[in-house]
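In: Have a look at this prediction, sequence included:
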Amino acid sequence: MVKNLGLSFEDLGIEGGLSVTSYNRAEYVQRKIQRVLVDSRREALDAIKDEINASLWRLSSDAPDLMNLLAAPDWRVLLCGEAHISSAQVVSKLSWFGFPPASMIPKWLPDLLNSFDEDALRRFLVFVCGSPSLPLDLETVVVRCQPRSPALPVAHTCFFHLDVPDYASEAMLRKKFVQAISESGTFDIV
């Protein structure tokens, strides 16, 4: 029950000590989010905004006004990439280098990516690109053949290169990729 949590609107700076109940909990959550994520950071956010505007002004006196032409969703796409990704989008970015004609990797890797849900695709992108979204400047991920070995695939995130051993089986490719993408991190802070 909500009343047993001991929450009050007083912790949001609202006088009167109104308790949080089942009826007003949505309002409490919205106000708490506003206070924690925006109001408590207002000074820092304003300083960032001012510095961005000053930097843009140095580029062009029209630049700060042009920034207002984009809505928040447009900025999100520009800064973070598309909200949703599909395996087809990811597979379309792959190009192959150095694989012998008999290698099955150019077939198995797309099959693996097509079997991934969106969360696994994002982990793959973090592994390969350092970001959970397709970077806007990504033209291709060069998948380069490495000698057959039990080694994990190696990603070079700055160059969008992926070194993949010419695994002997699809099961080995799946095992090694799942391990690699599960243990990778991100540079992304969004």
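Out: Thanks, I have it. Note that the coordinates shown come from a computational prediction; the quantities given were computed from them, not determined experimentally. Numbers count the residues shown, from 1 in each chain.

In: Low-confidence ranges, the protein, go.
Out: Along the chain, the model assigns pLDDT under 70 to residues 1-5, 17, 80, 185-190.

In: can you map out the helices along it?
Out: 25-33, 42-59, 63-67, 72-80, 87-91, 105-115, 118-129, 170-182 (DSSP state H).

In: center of this protein, which residue is that?
Out: Pro132 (2.9 Å; Cα atoms, centre = their mean).

In: Next up, the contacts around the spatially closest residue to it that is not a sequence neighbour.
Out: Using Cβ to Cβ, 6 or more residues apart in numbering and skipping residues adjacent in sequence, the residue nearest Pro132 is Arg122, 4.1 Å away. Yep, even glycine has a C-beta here, placed from its N, CA and C like the rest. With Cβ atoms under 8 Å, 6 or more residues apart in numbering as the criterion, the residues that contact Arg122 are 85, 132-133.

In: same check, this time on Phe116
Out: Phe116 sits next to 87, 124 when contact means Cβ under 8 Å, 6+ apart.

In: Leu134 versus that one, what's the distance?
Out: Distance, Phe116 to Leu134, by Cβ to Cβ, to the nearest Å: 14 Å.

In: swap in Leu78?
Out: Between Leu78 and Leu134 the distance is 13 Å, computed by Cβ to Cβ.

In: So which bits of stretch 54-68 are buried?
Out: Buried positions in stretch 54-68, judged by neighbour count with 16 or more other Cβ atoms under 10 Å: 56, 64.
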